[in-house]
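> For reference, the sequence and a predicted model appear below.
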Amino acid sequence: MSFARFLLLCAGLCASSAWAQLAIEITGAGAQRTPIAVTPFAGESTLRPPVSAIIRADLERSGLFRSLEVPSLQPALSEASSINYAEWRARLADALVVGSLVALPNGRFETRVRVDDVVKQSRLGAVALPTPKEGVRAVGHRAADYVYEKLTGEKGVFSTLIAYVVKRGSAYELQIADADGLGDQTVLKSFEPIISPTWSPDGKRLAYVSFENRKPVVYVHSIADAKRTVAANFRGSNSAPAWSPDGSRLAVTLSREGGSQIFVMAPNGSGLKRLTTSAAIDTEPRYSPDGKWIYFTSDRGGTPQIYRMNATGGDPQRITFEGSYNVTPRPSPDGKTLAYITRNDSKFQVALLDLANRQVQIITDSDRDESPSFAPNGRMILLATVINGRGVLSAVSADGRVKQRLTTPAGDVREPAWGPFID
Amino acid sequence: MSADALAFPLLREPAMLRSFVLAAAMHAVLITVMFVGVRFQSHPPATVEVELWDTSPPPPPPQAEVKPEVKPEPPPPPPPKVEPEKPVAKPDIVVQKKPEPKPKPKPKAKPEPKRDRDFEKRMREQLAMEQKAVAEQDSQRKERELKALIAKQQQAARDRGLATWTDKIKSKIRSRIPVQVADAVGGNPDAIFSVSLLPNGEVLTVRMKKSSGNKAYDEAVERAILGASPLPKPDDASLFQRQLELTFRPRDKPGS
Amino acid sequence: MTTRILPIIAATSLVALFAACSTTPEGGDKPAAKPDAAAAPAPEATARKPAPTVDLTSRSRDGSAMLKDPNNILSKRQIFFDFDKYEIKPEYKGLVEAHAKYLRENPSAKMLLQGNADERGSREYNVGLGQRRSDTVKRALILLGAKDGQIESVSLGEEKPMCTDHAEGCWAKNRRDDMLYGGEY
């Protein structure tokens, strides 16, 4: 090589690193759960239970996070600590939650929570939550909601409630509990069956069907003061209540005019109007989230299928076409998906119908699933199923990837309903 | 004894000239070293073991064969090859030549043996020259073919090494993109990122050149790249590149 | 039917006639089911004859006794259905006819028809299936002379099964209508 060429090469080498680029194409995704470290909060042992434990369990249960084992650090980290991001990267954490439980001068407490993005090495946010002594659980759930929202951009559902019916021996109880199944309270106790509990949009009332009069009657029950009123006790059967999104109406199934037909009325029973007119069984009405449609089950075509009609009545259109038994329509909170129960080879399973492209996906592989209920952020579906002969509640993520059992009281649990966001 | 007697004699020449000469000499040495070093480097001694007799394209060999080895083989092969060729070429020419001399001796009598010997000697010399020429052509051709074959195999090995390395990068980054975020993207738009690496594979900078249109996906991709740092390095260090252009799509393409 | 009505009308009108003459009203205006009302025509204005008593209490005791008498078909209150069907099977025809007759003859009797379904499928759809079964039996009873106002057809869906095994033997028992008479619920 000549010297001239050598000089040229030297000059070239200086500039070449900016020009040569390796092009790579990456498709798809592979991360199921984001690894997150939630350290014990400074001072949290003052109140029970430790708030970091609630946050950890909530995030893990959402199916989007994997909680990492965190060593007990002395002194405990708090929201005021300076974070060594490299150390947490080495522990393979993508996100970090630290905080403290602080006793305020006036005898009250405050929980401070901070969440950091370890990969980008930046603080995402911090919040201070007033904490009553007996309310640590609720604060833990609110903190988990905060962390969840910072990391996913979605609203968390850890502070929401669920309702369900428990049968123990010959007694039936309608209960409400936290979304994690703990903290249950009994709303109604009876020696006769209770079915179809459904939350009012403001989360303050439950409509349900009680058989205490030897026939099905629809009640509306105010949770705070335990006052209930009869919404529908017409001649024949009264069942399948469903609230309109603005809470002003209840759709119900009545047999007062022969057969099982869908009516709509005010929650106090006034203003009754019939919506369906068929000789078939039309039941299980459910409003779409925008209030324009009512989905329902009908066997007018010979076998039970799901139909949709205008919320004011009108010609129904058939929605389900795969399989010979499709019941219990439950639209997702964003209105884009319909969950329902389908009989698949003699097994009753949860199916999801994409209302845009009409694709169906069966997301459970169990046997006797019932009563699917969307979380208000649309990400999880609560359902009743039977395991080892006992009715239990389970939850499955809306994409079918994550399944989990809920902690529910002893007895036969059924008819779950996920409550709305509580502001 | 005084300390002065043990000291080195002081230089009487002007310090400037001496130091200039020394400096110049050091510069010369440095430049020469650089010159020779770069020249030496411009012929990377990466060779591959090949079956000398196999002229058809070889099947993809196992990894071991990819390792480049410095072998002094190229020069020796041509001469030994010429030897075996000789007996092959020789009989052809000899056979061809044989029938020709035969008719010639028939019409002539006494002067023929003498002329035959000269003729035959000339023919043998000519034959030897032709054989040598052919053998040289052959050996040159063989050498060229061998070189081309080696170059092709080297390139194939580098391609494989590159593919393995890009696969490792793809896999590591992909495993950090949340499936929920990817699923929520409508359609299959692409996002393009320009990434620069440190020599140890650590991500130095990440810059988005084109957005997918979905902010959550863009952010998730950026976090996935940063989180995958340090990126894996190739087995063959010469394949390493510090500038990457990564194109992301939330879904695998149909048929892929 | 005609042989019974005539004496009743005759007796009633006579009683009414005499009731109008007296100052104390009689409590025997209602047409009696049985022609027991012996009306002795006594056209005296001042003497008050004992008014005949229409004893319904003995009648109803007899009636409910019939309903509970195990030898009486009326004590049988259940009609069973085939899977996915709500037609009344021929073997229950006699039962339906007997109950229709009772209702006809006891217009004040009230019946609650509770339809049931086996456990398979959604609870609310099963309320609908049970309703279909009870509606069918009610229609049959009305066709045979019972009054619409006497019968309320409701559904218990799958909520009150007779047995809880998850097999056809049990499911068959739960696909049924139960008939309850007033006082029993």
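Good, I have the coordinates.
> quick one: low-confidence parts of the chain?
Picked chain A for this. A:1-20 (pLDDT under 70).
> ah, no, chain B please
For chain B, the stretches with pLDDT under 70 are B:1-14, B:38, B:40-115, B:255-256.
> Tell me which stretches of it form helices.
If DSSP state H is used as the criterion, the helices of chain B fall at B:3-6, B:15-41, B:78-97, B:111-174, B:179-183, B:215-227.
> In TSV: those helices, plus mean neighbour count and distance to chain A.
Where you see a C-beta, it was placed from the backbone N, CA and C, and this is true even at glycine. Conversion of the helices of chain B to TSV gives the following (neighbours: other C-beta atoms under 10 Å in any protein chain shown; distance: least, C-beta to the nearest C-beta, whole Å):
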stretch	mean neighbour count	distance to chain A
helix B:3-6	6	47
helix B:15-41	10	5
helix B:78-97	12	25
helix B:111-174	14	5
helix B:179-183	20	4
helix B:215-227	21	4
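> Helices of the chain, residue ranges please.
Chain wasn't specified; assuming chain A. Remark: helices assigned in chain A by DSSP H are A:3-16, A:51-61, A:85-90, A:136-152.
> you looked at the wrong chain, it should be chain C
Taking DSSP H as the criterion, chain C contains helices spanning C:2-21, C:56-68, C:93-105, C:123-143, C:168-174.
> Least reliable of those helices by average pLDDT, please.
When these are compared on average pLDDT, helix C:2-21 comes out lowest at a mean of 56.
> Could you count how many residues lie near A:Asn310?
One way to gauge burial is a neighbour count; for A:Asn310, by other C-beta atoms under 10 Å in any protein chain shown, it gives 13.
> Okay, and the beta partners of it?
In this structure, A:Asn310 bridges to A:Trp293 when assessed by DSSP bridges.
> May I have the residues that are in contact with it?
Shown here is A:Asn310, whose contacts under the criterion C-beta atoms under 8 Å, 6 or more residues apart in numbering or on different chains are A:292-294.
> now with 10 Å?
If you count contacts by C-beta atoms under 10 Å, 6 or more residues apart in numbering or on different chains, A:Asn310 has them with A:275, A:292-294, A:316-317.
> gap between the closest residue to A:Arg405 other than its chain neighbours and chain C?
Of all residues not flanking A:Arg405 in the chain, A:Ser394 sits nearest, at 5.2 Å (C-beta to C-beta, 6 or more residues apart in numbering or on different chains). A:Ser394 sits 17 Å away from chain C when distances are taken as C-beta to the nearest C-beta, to the nearest Å.
> ok, A:Ser394 touching A:Ser373?
No - with contact taken as C-beta atoms under 10 Å, A:Ser394 and A:Ser373 are classed as non-touching, separated by 11.5 Å.
> Run a quick neighbour tally on the residue nearest to A:Arg405.
Here the neighbour count serves as a burial measure; for A:Ser394 (other C-beta under 10 Å) it reads 20.
> C:Thr136 and C:Ile151 touch, don't they?
No - here C:Thr136 does not reach C:Ile151: they are 12.0 Å apart, not a contact under C-beta under 10 Å.
> what sits in contact with each of those two?
Residues touching both C:Thr136 and C:Ile151 (C-beta under 10 Å, 6+ apart) are C:Leu113.
> Only the buried subset of the contacts of A:Asn310, as a PyMOL command please.
Applied in PyMOL, the following selects the buried portion of the contacts of A:Asn310 according to 16 or more other C-beta atoms under 10 Å in any protein chain shown:
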select buried, chain A and resi 275+293+294+316
